[in-house]
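Undergrad: Curious how this folds, go ahead:
(one chain, ligands or ions: 3)
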Amino acid sequence: MGAVPSPLPPVKIALLGPGTVGSEVVRLLTQEAEDLAARVGAPLEIVGIHARDTSKDRGPHIPRELLTSDASALVAQADVVVELMGGIEPARTLILEAIAGGASVVTANKALVAAHGPELYEAADAANVDLYFEAAVAGAIPLVRPVRESLAGDHITRILGIVNGTTNYILDEMTRRGLDYDVALRQAQELGYAEADPTADVEGHDAAAKAAILASLAFHQRVALADVYCEGISAITADDVIAARETRQVIKLLAIAERTEGGVTVRVHPALVSEDHPLAGVHGAFNAVFIEAESAGGLMFYGQGAGGTPTASAVLGDIVSVARHKAIGGKGPRESNYAAHEVLPMDAALTRYSVRMAVEDRPGVLAAVAAVFQKHDVGIEIVRQVPGQTHAGLILSTYAAPERDLRATVEELRASDAVAEVKSVLRIEGE
Ligand SMILES: NC(=O)C1=CN([C@@H]2O[C@H](COP(=O)(O)OP(=O)(O)OC[C@H]3O[C@@H](n4cnc5c(N)ncnc54)[C@H](OP(=O)(O)O)[C@@H]3O)[C@@H](O)[C@H]2O)C=CC1
Ligand SMILES: N[C@@H](CC=O)C(=O)O
Ligand code: NA
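TA: Ligands and ions are numbered 1, 2, ... in the order given. Okay, the predicted model is just below:
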């Protein structure tokens, strides 16, 4: 019988942030230790867990003896640092310390990757270590890896999808159960979907960070957070939800990144989606992302976009990959940043508008309203009139036109004598 190969030494893991995601990562690292060791080729050893308050009870999965308040000392002894604190600092400094010390990094921190990705990539490249962030975009759904690796031989032209679980949960609860915005938001927080400051979710910043990351990977160039047009859902009212339902549509917060001959546009905003579109069937905190690529054609990715356990699955997948590189060799992909498409402003994006307004109930009003659209070269596809007590309700849906022309049309409608009030303007997407 041949000699049994001596087992490789353990890969030392430091975890920063035992919160909703972090505590699930620790639970799975412990419960699945045998399988993970077999997949990596070496055991994984948690050498410490950094928390602000080491005396706080963090449940049965976080052994107290592993807790430390000295993050720098912990990072210095690790082969792999798993950052699940969130926020920019101290996460950025600790990740840079980890990389400088030769550790690979796994993070779920989209805010950090979107704002400081280039700095982190360059540091990881210089130190010849891995930087993985699958959980940063669309939680459990494998999306970063497919875009970064599986589609590396193709040309992605469009990404469209729901990438924020909290806002999808809120809009879904408002639509299907008639819940108030505030109640739905509170539930999303209790379920562990929301960011520490839920403003990041409801104002679209979390989705914008994910859109910047996806666009950078898809188009092989740096797309900064500031390049992403961003509108959240805090202005969406129960009336908008009801009006959408009456026209067999639902409201979703979408992230859209497009490459055309003129350049690239990246945007996040609420949009009306037909009830027949697959995105309308994405409920709760689920996410769904459509990718169009020149050779692959259309692809669809669907799954849980938030929550401790699903997100931990994506983190574990990254840990296995980077730990395997540490144990038996190899290296993950570097930043691909060679293209130079112009990043265009929102004004250049092609979209459709649905304009809901109250108008004077008298002859000639419809013609006056139509003339405003015509002046800006915006075609009207559907007109729907709803009788009212003092004013008539009018909903106009346009054909696709550049955002700048649609916006100019609405500005002129607001100033028109025929229009008592523009009640809401929503884009229509997904057709
Ligand atoms: N929750 C989710 O569904 C998803 C989250 N993510 C990302 O995962 C990361 C973690 O999220 P989540 O687990 O929900 O967040 P939590 O707020 O539940 O957990 C964060 C943890 O980090 C600790 N922490 C925060 N700030 C500091 C600091 N300045 N110094 C030391 N420790 C700190 C917290 O400590 P304390 O306990 O003392 O407050 C807590 O243990 C974030 O980047 C988030 O964007 C990604 C996908 C989905
Ligand atoms: N707050 C985020 C968590 C995952 O990224 C969301 O709601 O999607
Ligand atoms: Na993911």
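
Undergrad: Please make it C-alpha for all contacts and neighbour counts, starting now.
TA: OK.

Undergrad: Kindly report the residues of the protein close to ligand 2.
TA: Taking CA under 6 Å from any ligand atom as the criterion, the chain approaches ligand 2 at residues Ala138, Gly139, Asn164, Gly165, Thr166, Tyr193, Ala194, Glu195, Asp201, Gly305, Ala306.

Undergrad: Could you find the closest non-adjacent residue to the third one?
TA: Using CA to CA, 6 or more residues apart in numbering and skipping the chain neighbours, the partner closest in space to Asn164 is Ala207 (5.6 Å).

Undergrad: isn't that neighbour right up against Asp201?
TA: Yes - taking CA atoms under 8 Å as the contact criterion, Ala207 and Asp201 are neighbours in contact, 7.1 Å apart.

Undergrad: okay, the two: which has more neighbours?
TA: Counting neighbours by other CA atoms under 10 Å for Ala207 and for Asp201 shows that Ala207 has the greater number, 33 against 24.

Undergrad: Tell me, how many residues neighbour whichever residue of the stretch 101-250 of the chain sits closest to ligand 1?
TA: Taking CA to the nearest ligand atom as the measure, the stretch 101-250 of the chain has Asn109 as its residue closest to ligand 1, at 3.5 Å. Under the neighbour criterion other CA under 10 Å, Asn109 is assigned a count of 24.

Undergrad: Low-confidence ranges, the stretch 201-350 of the chain, go.
TA: Low-confidence regions of the stretch 201-350 of the chain, defined here as pLDDT under 70, do not occur.

Undergrad: quick one: the helices in it?
TA: Under the criterion DSSP state H, counting those that start in this stretch, the stretch 201-350 of the chain carries helices at the ranges 205-219, 238-246, 308-328.

Undergrad: now those helices as CSV including distance to ligand 1?
TA: Formatted as CSV, the entries for the helices of the stretch 201-350 of the chain read as follows, by distance: least, CA to the nearest ligand atom, whole Å:
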stretch, distance to ligand 1
helix 205-219, 8
helix 238-246, 25
helix 308-328, 5
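
Undergrad: winner for burial among the ones you listed?
TA: Burial of the helices of the stretch 201-350 of the chain is given as mean neighbour count (mean count of other CA atoms under 10 Å); helix 205-219 ranks first at a mean of 27.

Undergrad: ok, now which ones touch the residue of the stretch 101-250 of the chain closest to ligand 1?
TA: Applying CA atoms under 8 Å, 6 or more residues apart in numbering, we find Asn109 in contact with Glu83, Leu84, Met85, Gly86, Gly87, Phe133, Ala135, Ala136.

Undergrad: which stretches of the stretch 1-150 of the chain aren't confidently modelled?
TA: The stretch 1-150 of the chain contains residues with pLDDT under 70 at 1-6.

Undergrad: among the contacts of Asn109, which ones are buried?
TA: Among these, those buried by neighbour count (16 or more other CA atoms under 10 Å) are Glu83, Leu84, Met85, Gly86, Phe133, Ala135, Ala136.

Undergrad: Settle this for me: Ala306 is touching Thr167, isn't it.
TA: No - taking contacts as CA under 8 Å, Ala306 lies outside contact range of Thr167: 10.8 Å.

Undergrad: Please enumerate the shared neighbours of those two.
TA: When contacts are counted by CA under 8 Å, 6+ apart, Ala306 and Thr167 are jointly contacted by Ala285.

Undergrad: Residues of the chain that sit close to ligand 3?
TA: Where the chain comes near ligand 3, counting by CA under 5 Å from the ion, the residues are Glu134, Ala135, Val137, Ala138, Gly139, Ala140, Ile141, Pro142.

Undergrad: hang on, the last one is in a helix, isn't it?
TA: It stands for Pro142. No - the secondary structure assignment for Pro142 gives coil rather than a helix, going by DSSP: H, G, I helix; E, B strand; the rest coil.

Undergrad: Can I get stretch 270-287 as PDB, trimmed to CA atoms?
TA: Below are the C-alpha coordinates for stretch 270-287, written out as PDB (Å, rounded to 0.1, in the frame of the first residue of the first chain):
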ATOM      1  CA  PRO A 270     -38.300  52.400 -10.500                       C
ATOM      2  CA  ALA A 271     -40.100  51.300 -13.600                       C
ATOM      3  CA  LEU A 272     -43.400  49.900 -14.800                       C
ATOM      4  CA  VAL A 273     -43.100  46.300 -16.000                       C
ATOM      5  CA  SER A 274     -45.900  44.500 -17.700                       C
ATOM      6  CA  GLU A 275     -47.600  41.800 -15.500                       C
ATOM      7  CA  ASP A 276     -46.700  39.300 -18.300                       C
ATOM      8  CA  HIS A 277     -42.900  40.000 -18.000                       C
ATOM      9  CA  PRO A 278     -40.900  37.500 -16.000                       C
ATOM     10  CA  LEU A 279     -39.600  40.300 -13.800                       C
ATOM     11  CA  ALA A 280     -43.200  40.900 -12.600                       C
ATOM     12  CA  GLY A 281     -43.100  37.400 -11.100                       C
ATOM     13  CA  VAL A 282     -40.100  38.100  -9.000                       C
ATOM     14  CA  HIS A 283     -41.500  38.300  -5.500                       C
ATOM     15  CA  GLY A 284     -40.200  39.000  -2.000                       C
ATOM     16  CA  ALA A 285     -36.400  39.600  -1.600                       C
ATOM     17  CA  PHE A 286     -35.700  37.500  -4.800                       C
ATOM     18  CA  ASN A 287     -33.500  39.100  -7.500                       C
END
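
Undergrad: Briefly note if it comes near ligand 1.
TA: No - contact check for stretch 270-287 against ligand 1, using CA under 6 Å from any ligand atom: none in range, with a minimum separation of 8.8 Å.

Undergrad: So what's the gap between that stretch and the chain middle?
TA: The chain centre lies 15 Å from the centre of stretch 270-287; the measure is CA atoms, centre = their mean, to the nearest Å.

Undergrad: Ok, stretch 326-343 next?
TA: So, by CA atoms, centre = their mean, the centroid of stretch 326-343 is 20 Å from its chain's centroid.

Undergrad: now the residue of the stretch 101-250 of the chain closest to ligand 1: how far from Arg92?
TA: 10 Å (CA to CA, to the nearest Å).

Undergrad: Repeat that for Leu15.
TA: Leu15 sits 14 Å away from Arg92, taking CA to CA as the criterion.
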